[in-house]
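Q: Build me a model from this:
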Amino acid sequence: MEISTPGRICLFGEHQDYLGLPVVAMAISLRAKIAGQKRKDQQVIIHKPDIGETESFLLNDLVYTKPRDYFKSGIKICSGEELVFSNGFESEITSEIPIQAGVGSSSAVMVNWIHFLSQMADKPVAWNAQKIGELAYKAEVLEFAEPGGMMDQYSATMGHLLYLESEPEISIKSLNPNLGIFVLGDSCEPKDTMSILQRCRDTRLEIIKKLKVKNPDFNIHTCTDVDMSPLNDEEKGIFQGTIKNRNILRQALPELEKVRPDPTWIGTRLTQHHAVLRDILQVSTPKIEAMLDASLDAGALGGKINGSGGGGCMFAYAPKNAEIVAEAIEKVGGKSFIISSDSGTRIV
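A: Alright, predicted model coming up:
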């Protein structure tokens with residue numbers, strides 16, 4: 001059994017989904033794969049040749065022994081859906097997706113794992129993509145009380161270009177997948193995803209709490225004129241940036257729904273979105289900025305940091321000159337990947 005699942009980039013709504021705001025994300029043509037089969041005993045063995053590790057445990061011992069013990073949590077979540085595993089399994093995970101770089105590599109692996117488990121059960125089940133995304137989110141985020149949203153898991157399962165709302169209920173809409181070519185640039189800088197997510201999330205949740213004192217009917221989806229007197233100047237800037245990025249997504253959505261969206265217009269909005277992430281949330285780095293500047297100088301239409309930030313990846317929108325933009329990223333020390341929209345998780 002072999003499963004293949006894509007990474008993702010976030011076009012609009014970065015650092016917004018965990019506030020309940022919508023996102024526009026795109027599954028990309030860099031994928032992770034899991035291949036494996038059942039064993040005759042109860043051992044679970046996962047080979048990870050990309051990082052030179054092998055993990056193993058028994059099906060009857062799913063006590064977590066490390067932070068983010070995802071392979072055990074995946075089995076627990078699937079067992080909660082009444083899947084039964086009488087036999088263990090042995091598998092190998094490989095990936096083209098940059099690891100810990102903000103491109104959804106861990107979520108692609110988790111989606112692969114949930115999809116794989118659905119087929120390794122005593123009675124295999126044919127869950128749809130949204131169900132796999134829901135269970136992957138539970139196993140990766142909710143099970144460990146982590147601060148992330150659900151963009152990564154649903155992008156990996158559904159594929160292509162998506163508009164995702166998480167409030168008041170989960171709503172997923174497919175958009176025009178024919179935006180053309182992007183260039184992903186990996187800064188190869190290590191990043192601390194959890195601490196950045198917690199800082200950006202917790203700061204803004206506290207801001208919202210303060211605003212509700214003076215604005216009892218406050219709603220982040222609809223607010224326009226807000227009494228910001230409870231906030232200091234820094235908090236006012238963070239709140240205004242959050243609303244600006246909310247509005248950039250709203251402006252972009254009708255364009256992305258067109259059969260022939262305007263590439264230049266989209267590129268400009270990507271760069272505007274990045275400016276808030278850089279200047280207000282302060283999640284960019286000098287190297288990411290050098291890669292973005294090099295991309296724009298080489299003719300890219302726009303771009304932004306991708307993922308939580310503090311390192312990791314950026315991407316540039318370059319539908320007509322991807323090779324030149326990729327070379328420009330490499331010249332300033334990044335590792336480049338020419339990417340496009342791709343399908344969601346699938347059995348190979």
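Q: going forward, measure contacts and count neighbours with C-alpha atoms only.
A: Noted.
Q: Quick check: chain neighbours aside, which residue is closest to the residue sitting furthest away from the middle of the chain?
A: Distance to the chain centre peaks in the chain at residue 40, reaching 36.0 Å (criterion: C-alpha atoms, centre = their mean). In this structure, residue 40 finds its nearest non-sequential neighbour in residue 87, 6.0 Å apart by C-alpha to C-alpha, 6 or more residues apart in numbering.
Q: my guess is the one you found contacts residue 58, does it?
A: No: with contacts counted by C-alpha atoms under 8 Å, residue 87 stays clear of residue 58, the gap being 9.8 Å.
Q: Need the overlap of contacts for the two.
A: Here residue 87 and residue 58 have 42-43 as joint contacts, going by C-alpha atoms under 8 Å, 6 or more residues apart in numbering.
Q: one step back: ok but the residue farthest from the centre of the chain is inside a helix, no?
A: No: read with DSSP: H, G, I helix; E, B strand; the rest coil, residue 40 is coil and lies in no helix.
Q: average model confidence for stretch 266-275?
A: Averaged across stretch 266-275, the pLDDT comes to 97.
Q: Please identify the buried residues of it?
A: Buried residues in stretch 266-275, counted by 16 or more other C-alpha atoms under 10 Å: 266-267, 269-275.
Q: hang on, isn't the residue farthest from the centre of the chain packed against residue 90?
A: No: the criterion here is C-alpha under 8 Å, and residue 40 misses it with residue 90 at 10.2 Å.
Q: any common contacting residues for those two?
A: Common neighbours of residue 40 and residue 90 (C-alpha under 8 Å, 6+ apart) do not exist.
Q: dump the residue contacts of the most centrally placed residue in the chain.
A: Nearest to the mean C-alpha position of the chain, by C-alpha atoms, centre = their mean, lies residue 152 at 3.4 Å. Going by C-alpha under 8 Å, 6+ apart, residue 152 touches 7-8, 104, 107-108.
Q: Just the ones in helices from the residues you listed, please.
A: 107-108 (DSSP state H).
Q: For residue 55, list each beta-bridge partner.
A: residue 46 (DSSP bridges).
Q: State the distance from it to residue 91.
A: In this view, residue 55 and residue 91 are 10 Å apart by C-alpha to C-alpha, to the nearest Å.
Q: shared neighbours, the two?
A: Shared contacts of residue 55 and residue 91, defined by C-alpha under 8 Å, 6+ apart, are found at 45-47.
Q: Which of those sits closest to residue 337?
A: residue 47 (25.3 Å; C-alpha to C-alpha).
Q: What's the local residue count around that closest one?
A: When neighbours are defined as other C-alpha atoms under 10 Å, residue 47 has 19 of them.
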